[in-house]
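# for reference, the sequence and a predicted model appear below.
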Amino acid sequence: MQIDSTLTPFVPPVRTAMRLSRYFLPNLRETPKEAEIASHRLMLRAGLIRQQSAGIYSWLPLGLRVLNKITAIIREEQVRAGAQEILMPTIQPADLWRESGRYDAYGKEMLRIRDRHDREMLYGPTNEEMVTDIARAYVRSYKDLPLNLYHIQWKFRDEIRPRFGTMRSREFLMKDAYSFDIDAEEARHSYNRMFTAYLRTFSRLGLKAIPMQADTGPIGGDLSHEFIILASTGESEVFCHQDFLDFPIPAADTDFEDKEALQAIFDRWTSLYAATSEKHDPATFEAIAPAKQVSARGIEVGHIFYFGTKYSEPFGLSVAGSDGRDHLLHMGSYGIGPSRLVAALIEANHDEAGIIWPDPVAPFHVSLLNLKVGDEATDVAARRIETALTARGFDVLYDDRDERPGAKFATADLIGSPWQVLVGPKSLAEGKVEVKRRATGERELLSVEDAVERIA
Ligand code: ATP
Ligand code: MG
Ligand code: MG
Ligand code: MG
């Protein structure tokens, strides 16, 4: 497991053993026909989510476990990079958005609401306005800077075409961070902090995300990168140099205070061509050796922006600098989509039988299968393994249902725990249980003790 020992996780991990006989895991036998892509089908079939209306989902226990593991990793890397967590509301007053001029500009993607006093409100699609209002209220001097505030909160965008399940939903979870700096040079450092944090975050999730030059869209600004993972079902058309796929990821002990070190990371990761279709320059791309040209579909999993004084100016967010003069703050914003990431992770990790979770985000690390419930020796051995693995800090889902082995194998493969331990009377007669690796299908017959040791 990739638990980072240099940081205490935000939420201390509570290791749990769950009995499948009592676990709320509504698996579907049939493949839902509304689902066009594998991740959507598998999320419905394996009981991760339930659609409540177009683009709006409930998260069921298994899905929520994955979402929480993703946000835990995101938090660790945000904190490492110097950001501080807050929580802003989902509902915002329209007046804030009138100050920036975006209330009218945002268009139909914004869900507009009126309260009982006929005041105009909205369900936040993003939080630049609100966080600028917070900074305006409290930040007084250059000594309060740099400042980076982030939250992990539900957003609503009335997407014209919600589809692919949580990949493009209307209500979705976002981690959005906002940086405040005294000038452009400091803001650059803040941008590089998040750039580096994103490289680490996606890599820890088991994904290869490539930062690509991107359009700034309605957020505005002039420096922007989208973090894209390559996938045939992706909605973006992207172009990049193949070497990016094997670039080394910045280490955990990267000094985020070291401006030059972070600039070097940024320079390296932007030294080769990588662009989304909006920013694509065919001439530059075609100058790359043909064997190194990657032209593919991609999924946008993160997006970072530097937009200078675009919001601080209309909001009048300025503070006294060390020179005694007033300075408009330079800002950036930095988004990641954890609920989209659940789908993206499945797109990248599945086979015919089901999901194959990368270790760091697996809802359960081990599926423990009792192949003959009621057989005393089998029950005792299974419980011993359950206890031993839980004590070692693994999340175990114990299939103690009164079902035939075939059904248990299918469930285990579908929900995709990285490890399976199969306990049945036949191998137990020889003092063995079977350990199976979900990703490769590799199986080993081991003693109970060795099986527990084998799980890593
Ligand atoms: P897209 O191009 O896919 O519409 P966006 O550019 O509008 O996304 P941003 O405003 O950059 O999205 O938001 C930051 C992140 O939030 C995105 O990189 C993505 O991971 C996530 N996100 C945006 N829209 C959705 C959505 N409809 N469903 C799920 N996640 C989303
Ligand atoms: Mg969008
Ligand atoms: Mg986009
Ligand atoms: Mg974007």
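Nice, thanks for sending it over. Residues are numbered from 1 along each chain as shown. Ligands and ions are numbered 1, 2, ... in the order given.
# quick one: the helices in the stretch 101-250 of the chain, in order.
For the stretch 101-250 of the chain, the helices defined by DSSP state H, counting those that start in this stretch occupy 102-105, 128-138, 184-204.
# can you give me the neighbour number for Ile74?
Applying other Cβ atoms under 10 Å, we find 25 residues neighbouring Ile74. C-beta: built from backbone N, CA, C; applies to glycine.
# thought it was touching Ile152?
Yes - counting by Cβ atoms under 8 Å, Ile74 does reach Ile152; the two are 7.1 Å apart.
# any shared contact partners between these two?
Common contacts of Ile74 and Ile152 (Cβ atoms under 8 Å, 6 or more residues apart in numbering): 175, 338.
# for ligand 1, what are the nearby residues on this structure?
Residues of the chain lying near ligand 1 by Cβ under 6 Å from any ligand atom: 126, 157, 159, 168-169, 172, 174, 217, 300-303, 335-337, 339-340.
# tell me the centre residue of the protein?
Nearest residue to the geometric centre of the chain (Cα atoms, centre = their mean): Pro338, 3.4 Å.
# roughly how far does it sit from Ala391?
As for Pro338, its distance to Ala391 is 30 Å (criterion: Cβ to Cβ, to the nearest Å).
# could you do Ile228 as well?
Distance from Ile228 to Ala391, by Cβ to Cβ: 41 Å.
# give me the more crowded residue out of the two.
Neighbour tally, Ile228 and Ala391, criterion other Cβ under 10 Å: the higher count belongs to Ile228, 28 against 11.
# and the more buried one, what does it touch?
Contact analysis of Ile228 by Cβ under 8 Å, 6+ apart lists 209-212, 234, 236, 238, 276, 298-301.
# same question, Ser333
126, 128, 176-179, 219, 304-305, 307.
# what about the residues you listed, which one has the most neighbours?
Top of the contacts of Ser333 by neighbour count (other Cβ under 10 Å): Ser179, with 29 neighbours.
# what about the residue of the stretch 351-456 of the chain found nearest ligand 1, how many neighbours?
Across the stretch 351-456 of the chain, no residue is closer to ligand 1 than Val361, which sits at 15.4 Å (Cβ to the nearest ligand atom). When neighbours are counted by other Cβ under 10 Å, Val361 registers 23.
# ok, it touching Ile70?
Yes - if you go by Cβ under 8 Å, Val361 and Ile70 touch, sitting 5.7 Å apart.
# just to revisit the earlier point, Throw the helices of the stretch 101-250 of the chain into CSV and include mean pLDDT, thanks.
Shown next, in CSV, are these (pLDDT from 0 to 100):
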stretch, mean pLDDT
helix 102-105, 95
helix 128-138, 98
helix 184-204, 98
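# of the ones you listed, which stretch is the most buried?
With neighbours defined as mean count of other Cβ atoms under 10 Å, the helices of the stretch 101-250 of the chain peak in mean count at helix 184-204, which reaches a mean of 22.
# low pLDDT regions in the protein?
1-16, 218-222 (pLDDT under 70).
# tell me the residue of it that sits nearest ligand 1?
Nearest residue of the chain to ligand 1: Gly337, at 2.4 Å (Cβ to the nearest ligand atom).
# about what we covered before: Serialize the helices of the stretch 101-250 of the chain to CSV and add fields for distance to Lys436.
What follows is the helices of the stretch 101-250 of the chain, written out as CSV (distance: least, Cβ to Cβ, whole Å):
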stretch, distance to Lys436
helix 102-105, 53
helix 128-138, 47
helix 184-204, 25
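# in terms of helices and strands, where is Gly298?
Element membership for Gly298 (DSSP states H and E) is strand 293-308.
# chain center to stretch 442-456: distance?
Offset of stretch 442-456 from its chain centre (Cα atoms, centre = their mean, to the nearest Å): 31 Å.
# for that stretch, measure first residue to last.
For stretch 442-456, the first-to-last residue distance is 15 Å (Cα to Cα, to the nearest Å).
# for stretch 105-113, same thing?
End to end - Cα to Cα - stretch 105-113 spans 17 Å.
# ok, back up a step: tell me the strands beside the strand holding Gly298, with direction?
strand 223-230 (antiparallel), strand 236-241 (antiparallel), strand 330-336 (antiparallel) (DSSP bridges).
# ok, then the element right after that strand?
Strand 293-308 is succeeded, C-terminally, by helix 312-315 (DSSP H and E).
# need the contact list for the residue of the chain closest to ligand 1.
By Cβ under 8 Å, 6+ apart, Gly337 lies in contact with 172-175, 300-302.
# look up how far Phe227 lies from it.
10 Å.
# where do the contact lists of these two overlap?
By Cβ under 8 Å, 6+ apart, Gly337 and Phe227 have these common neighbours: 300-302.
# between those, identify the one with the most neighbours.
Using other Cβ under 10 Å as the neighbour criterion, Gly302 leads the shared contacts of Gly337 and Phe227 with 27 neighbours.
# I'd guessed that one sits against Met212; true?
No - counting by Cβ under 8 Å, Gly302 sits too far from Met212 to count as a contact (10.7 Å).
# what's the overlap in contacts for these two?
Common contacts of Gly302 and Met212 (Cβ under 8 Å, 6+ apart): 226-227.
# circling back: nearest to Thr196 among the contacts of Ile228?
Distance to Thr196 across these (Cβ to Cβ) is lowest for Pro211, with 10.2 Å.
# the closest one: neighbour count?
Pro211: 23 surrounding residues under other Cβ under 10 Å.
# which of the strands paired with strand 293-308 sits closest to Phe195?
strand 223-230 (6.8 Å).
# return the distance of that closest one from the chain's centre.
14 Å.
# what segments of the stretch 251-400 of the chain are helices?
259-269, 282-286, 312-315, 338-348, 376-391.
# deepest of these, which one?
helix 338-348 (a mean of 25).
# which strands or helices does it pack on?
helix 38-45, helix 61-80, strand 171-181, strand 293-308 (3 or more Cβ pairs under 8 Å, 6 or more residues apart in numbering; DSSP states H and E).
# quick one: strands adjacent to the third one?
Spelled out, it's strand 171-181. Here strand 171-181 has these sheet partners by DSSP bridges: strand 147-156 (antiparallel), strand 330-336 (antiparallel).
# with distance to Val366 added, can I get these in a markdown table?
A markdown table is the format used below for the strands paired with strand 171-181 (distance: least, Cβ to Cβ, whole Å):
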| stretch | distance to Val366 |
| --- | --- |
| strand 147-156 | 28 |
| strand 330-336 | 28 |
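# quick one, which of the helices of the stretch 251-400 of the chain is nearest to Arg204?
Set against Arg204 and scored by Cβ to Cβ, these come closest in helix 338-348, at 11.7 Å.
# off-centre distance for the closest one?
7 Å.
# now the angle from it to helix 184-204?
Calculated by axes from the mean of the first three to the mean of the last three Cα atoms, to 10 degrees, helix 338-348 forms an angle of 50 degrees with helix 184-204.
# just the residues contacting helix 338-348, thanks.
So helix 338-348 is in contact with 37-40, 42-43, 48, 57, 63, 66-67, 70-71, 74, 152, 164-169, 172-175, 205-207, 229, 231, 233, 299, 301, 355, 357-358, 361, going by Cβ under 8 Å, 6+ apart.
# buried among those residues? Need that as a selection in ChimeraX.
Listed next is the ChimeraX selection for buried residues among those, using 16 or more other Cβ atoms under 10 Å:
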select :37,38,39,40,42,43,48,57,63,66,67,70,71,74,152,164,165,166,167,168,169,172,173,174,175,205,206,207,229,231,233,299,301,355,357,358,361
